[in-house]
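Colleague: prediction below, plus the sequence it came from.
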Amino acid sequence: MANVWDALKKHQSEPVQAESTTASPGAVPLAVPADVAVTPHPAGAAASSVSAPTNAPPLTAPLPSTSVVPVTSPTARKPAAYSEELRPHFDRGGRIADAYRALRTNLLAKCGEKGFCYLVTSARGGEGKTITSVNLALVLAECVTKNTLLIDADLRRPRVAGLMGLSAAPGLAELIRGEAAMKQVLQPTTYPNLSVISAGGATPESVAELLARPPVASLLAEAKRMFDYVLIDTPPINHVSDVGTLGPFCRGALLVVRSGKTRQEDVDRAVALLHAANIQPAGMVLTGSRGFAANG
């Protein structure tokens, strides 16, 4: 089995061959410390490479300036049983938290004051996409003048509510079906400018039809009007079609891959499927390196 290094090295030398494999211009140039490696998709390239972490110290080059206002501690709004996997919450000065801040910095440098809506997906399950989604949302909440929304759109295997000690329902499923209003599904967190919409209740056989309903477009448009930053945790793109259904409403997608696990053919297929769905890959986030383990 080829590991992720082989897969990403292959992308460095030759573009992905698919029906629609030309990356859109203006992809996000992402760079983070060695715990989490991210590769950009430069203009005109289908995919780039993620370098294997070394024993070198974390990146020290100055990052683009943003309007981020550091927060020393979150303002308590309600008790939260956060999972210890949410490192920016429990170890705010640690390497992993700083790696997510570097990812945030590059996303904000690309989008400026316009705000954004990104999907977070992976090629296969267990690669760290949900942990990446939640941790990135936590560091975005440090931008105290902006509001962030995290949506759990992995209706087949929802995890966000459990990781953050929130209610599983009502959530996105009930919102789409018209059984709840937006204000009823928005859940506050211990961070005053971070809200969450959990997955809610949906049977696996109903998910594809549910996400294809017309209300999804208007609901996501409303969410983008209400919040500056919107992150949507989605299922693995190689497994189901949900990512392609939600993609047209988002700026692009972050593809999470896991060190030593993600196979070359899985990366190829994931990138090709993003392009086929007309979704711009914003970059690849490498998890599971140098002790950075996340289970998404």
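Modeller: Right, received. Where do you want to start?
Colleague: which residue ranges of this structure form strands?
Modeller: Per DSSP state E, the chain carries strands over the ranges 37-39, 116-122, 148-152, 187-188, 194-197, 229-233, 252-258, 281-287.
Colleague: let's have those in a markdown table, adding mean neighbour count and mean pLDDT.
Modeller: Every C-beta, even on glycine, is put in place using the N, C-alpha and C of the backbone. What follows is the strands of the chain, written out as a markdown table (neighbours: other C-beta atoms under 10 Å; pLDDT from 0 to 100):
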| stretch | mean neighbour count | mean pLDDT |
| --- | --- | --- |
| strand 37-39 | 24 | 48 |
| strand 116-122 | 26 | 96 |
| strand 148-152 | 26 | 98 |
| strand 187-188 | 16 | 96 |
| strand 194-197 | 24 | 98 |
| strand 229-233 | 26 | 97 |
| strand 252-258 | 26 | 94 |
| strand 281-287 | 27 | 89 |
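Colleague: low-confidence stretches in the stretch 1-150 of the chain?
Modeller: Low-confidence segments of the stretch 1-150 of the chain (pLDDT under 70): 1-80.
Colleague: if we use 50, what do you get?
Modeller: Scanning the stretch 1-150 of the chain for pLDDT under 50 picks out 1-5, 7-35, 38-79.
Colleague: same question for the stretch 151-296 of the chain.
Modeller: 291-296.
Colleague: let's see 90
Modeller: Applying pLDDT under 90 to the stretch 151-296 of the chain picks out residues 241, 247-248, 251, 259-262, 264, 282-284, 286-296.
Colleague: quick one on the thing from earlier: got TSV for the strands of the chain, with distance to V139 too?
Modeller: Formatted as TSV, these follow (distance: least, C-beta to C-beta, whole Å):
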stretch	distance to V139
strand 37-39	14
strand 116-122	14
strand 148-152	9
strand 187-188	18
strand 194-197	10
strand 229-233	11
strand 252-258	14
strand 281-287	13
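Colleague: done for today, thanks.
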